[in-house]
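Undergrad: please find the sequence and the predicted model below.
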Amino acid sequence: MSVKPDRVIVVDDDAELRALLRRFLSAHGFETRVVDGGPALDRELSRNPADAIVLDLMMSGEDGLAICRRLRAAGDMTPIVMLTARGDPIERIIGLESGADDYLPKPFEPRELVARLSAVLRRTRGQGDVSTDDIVTVGSLEINLSTRKVMRDGAALKLSSREFALLAALVRSHGRPLSRAQLIDRALGRDAEVTDRAVDVQIARLRRAIGDRADDAELIKTVWGVGYVLVSDGV
């Protein structure tokens, strides 16, 4: 049985870099398409969905942050690896807050991009058929670890792939606190360029997405000096 290659769209206004990444990613088994901006990306996605998007942050016209926010607001949760010439941690946090799944500063080794894409796809792809073991109930939440769907009191919640990865890591360690380093390792990949502050930002976003409040969290508790823990009904 043949395995279909993962479909990747590279969005960058640098024609030379687009050509380089198309050759390199194609040589490493990805079905690769390249576009020069948001409108071209929209056309490609309407014709054929992607399994992942490589998105440059600094582009003329609509930049990568705006594109990422627009896709997420429209409910498109395709994994995004964001590229930028900026190495400032604040820019990294802004990129992650916009809904990106990983962040790679330029200049970078193309092999590192391949590794990042592979890791993001592993984290965000459902594994196998749904079984009863894939469905976990925690308090008023119902989490399907296979289909990546989350319900609260019967209503579907919209989570980004990064928010779901953090929630899944907390679910699998239900009742046992995880440090920020453990959350980075289990949810984001140990090679992810993510600071403790970025983890706090993502936890805050996850709490909002599931209806928790930091001052009176029902499900995700802060364990001071340690990290975070998922509990049932605030206990």
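TA: Sure thing, it's come through. Since the model is a prediction, treat every value here as computed from it, not as a measurement.
Undergrad: for the chain, give me the ranges with low pLDDT.
TA: 1-3, 86-97, 124-133, 189-194, 213-217, 233-235 (pLDDT under 70).
Undergrad: where exactly do the strands run in it?
TA: 7-11, 31-35, 52-56, 80-84, 102-105, 135-138, 141-144, 149-152, 155-157, 178-179, 220-223, 227-230 (DSSP state E).
Undergrad: quick one: list the elements packing against the first one.
TA: The one in question is strand 7-11. The contact analysis (3 or more CB pairs under 8 Å, 6 or more residues apart in numbering; DSSP states H and E) places strand 7-11 against helix 15-27, strand 31-35, helix 38-47, strand 52-56. No exception for glycine: its C-beta is placed from N, CA and C like everyone else's.
Undergrad: take those and lay them out in JSON lines including mean neighbour count.
TA: Below are the helices and strands packed on strand 7-11 laid out as JSON lines (neighbours: other CB atoms under 10 Å):
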{"stretch": "helix 15-27", "mean neighbour count": "15"}
{"stretch": "strand 31-35", "mean neighbour count": "19"}
{"stretch": "helix 38-47", "mean neighbour count": "14"}
{"stretch": "strand 52-56", "mean neighbour count": "26"}
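Undergrad: want to throw the ones you listed into TSV with distance to residue 196?
TA: Listed next are these as TSV, based on distance: least, CB to CB, whole Å:
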stretch	distance to residue 196
helix 15-27	31
strand 31-35	34
helix 38-47	32
strand 52-56	25
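Undergrad: residues contacting the closest residue to residue 65 other than its chain neighbours?
TA: Nearest non-adjacent residue to residue 65, counting by CB to CB, 6 or more residues apart in numbering: residue 98, 4.9 Å away. Neighbour list for residue 98: 65, 68, 69, 72 [criterion: CB atoms under 8 Å, 6 or more residues apart in numbering].
Undergrad: and of the helices and strands packed on strand 7-11, who's closest to residue 176?
TA: Nearest to residue 176, of all those, is strand 52-56, at 31.2 Å by CB to CB.
Undergrad: adjacent strands (with direction) for the closest one?
TA: Taking DSSP bridges as the criterion, strand 52-56 pairs within the sheet with strand 7-11 (parallel), strand 80-84 (parallel).
Undergrad: put together CSV for those, with mean neighbour count and distance to residue 121 on each row.
TA: Putting these into CSV (neighbours: other CB atoms under 10 Å; distance: least, CB to CB, whole Å) gives the following:
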stretch, mean neighbour count, distance to residue 121
strand 7-11, 24, 9
strand 80-84, 25, 10
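Undergrad: tabulate the ones you listed (CSV), appending distance to residue 174.
TA: Compiled in CSV, those are given as follows (distance: least, CB to CB, whole Å):
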stretch, distance to residue 174
strand 7-11, 34
strand 80-84, 28
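Undergrad: for residue 181, find the nearest of the ones you listed.
TA: Between residue 181 and these, the tightest spacing by CB to CB is seen for strand 80-84, at 21.7 Å.
Undergrad: between the closest one and helix 15-27, how big is the angle?
TA: Orientation check (axes from the mean of the first three to the mean of the last three CA atoms, to 10 degrees): strand 80-84 against helix 15-27 gives 140 degrees.
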